[in-house]
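Novice: Task: produce atomic coordinates for the following.
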Amino acid sequence: MNWNLVFALALTLSVTGGCADGHSDCHQSKDADRSIRGCTQIIEHGTRESQETKSIAFYSRGNAYADKGEHDRAIADYDKAIALNPKYSVAYNNRALLTVTRARLTAPLLITARRLRLTPPTQPPKTTSSGWA
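Specialist: You can find the predicted model right below:
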């Protein structure tokens, strides 16, 4: 066995931190958790990665968080992608879509909460034959 080759390979992997795997994991869309791990690895490499690469990693990680339903984390990553690259139009687009989606989900809950505050729990809400008050 060539121990020099084994040592060189081990040294390379320890210096790069397996960067190539992080890139391929970050940009795949089949497994959100794997994508998050890969993108986080790229983001945490500090000065080893360009701003553009980090911006793409934040965007991709935001997509993975969105796929998992973690909208606040996704929006935070889209914001970071935009901060690194203010011309990153798809990051603006995805952030806007998530904000609208979240607002559509939140508004009915707020309306229901208000209705519950206005109607004492001992009184069932009045309905008509169509089911609407």
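Novice: where along the protein do the helices fall?
Specialist: Taking DSSP state H as the criterion, the chain carries its helices at 3-16, 19-26, 32-43, 51-67, 71-84, 89-118.
Novice: any chance of those helices in a markdown table, with mean pLDDT and mean neighbour count too?
Specialist: Glycine gets a C-beta too; all of them are placed from N, C-alpha and C. Shown next, in a markdown table, are these (pLDDT from 0 to 100; neighbours: other CB atoms under 10 Å):
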| stretch | mean pLDDT | mean neighbour count |
| --- | --- | --- |
| helix 3-16 | 40 | 10 |
| helix 19-26 | 71 | 17 |
| helix 32-43 | 93 | 20 |
| helix 51-67 | 94 | 21 |
| helix 71-84 | 95 | 19 |
| helix 89-118 | 80 | 12 |
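Novice: then stretch 44-56 to PDB, C-alphas only?
Specialist: This file holds the C-alpha atoms of stretch 44-56, laid out as PDB (Å, rounded to 0.1, in the frame of the first residue of the first chain):
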ATOM      1  CA  GLU A  44     -19.600  27.700   7.000                       C
ATOM      2  CA  HIS A  45     -16.500  27.400   4.900                       C
ATOM      3  CA  GLY A  46     -15.800  31.100   5.600                       C
ATOM      4  CA  THR A  47     -13.500  32.700   3.100                       C
ATOM      5  CA  ARG A  48     -13.000  29.500   1.000                       C
ATOM      6  CA  GLU A  49     -16.200  30.200  -0.900                       C
ATOM      7  CA  SER A  50     -17.100  33.200  -3.000                       C
ATOM      8  CA  GLN A  51     -20.000  35.500  -2.100                       C
ATOM      9  CA  GLU A  52     -21.900  34.200  -5.200                       C
ATOM     10  CA  THR A  53     -21.400  30.600  -4.100                       C
ATOM     11  CA  LYS A  54     -22.600  31.400  -0.600                       C
ATOM     12  CA  SER A  55     -25.600  33.300  -2.000                       C
ATOM     13  CA  ILE A  56     -26.600  30.200  -4.000                       C
END
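Novice: centre of the chain versus that stretch, how much separation?
Specialist: Mean-position distance between stretch 44-56 and its chain equals 17 Å (CA atoms, centre = their mean, to the nearest Å).
Novice: Alright, that wraps it up for me.
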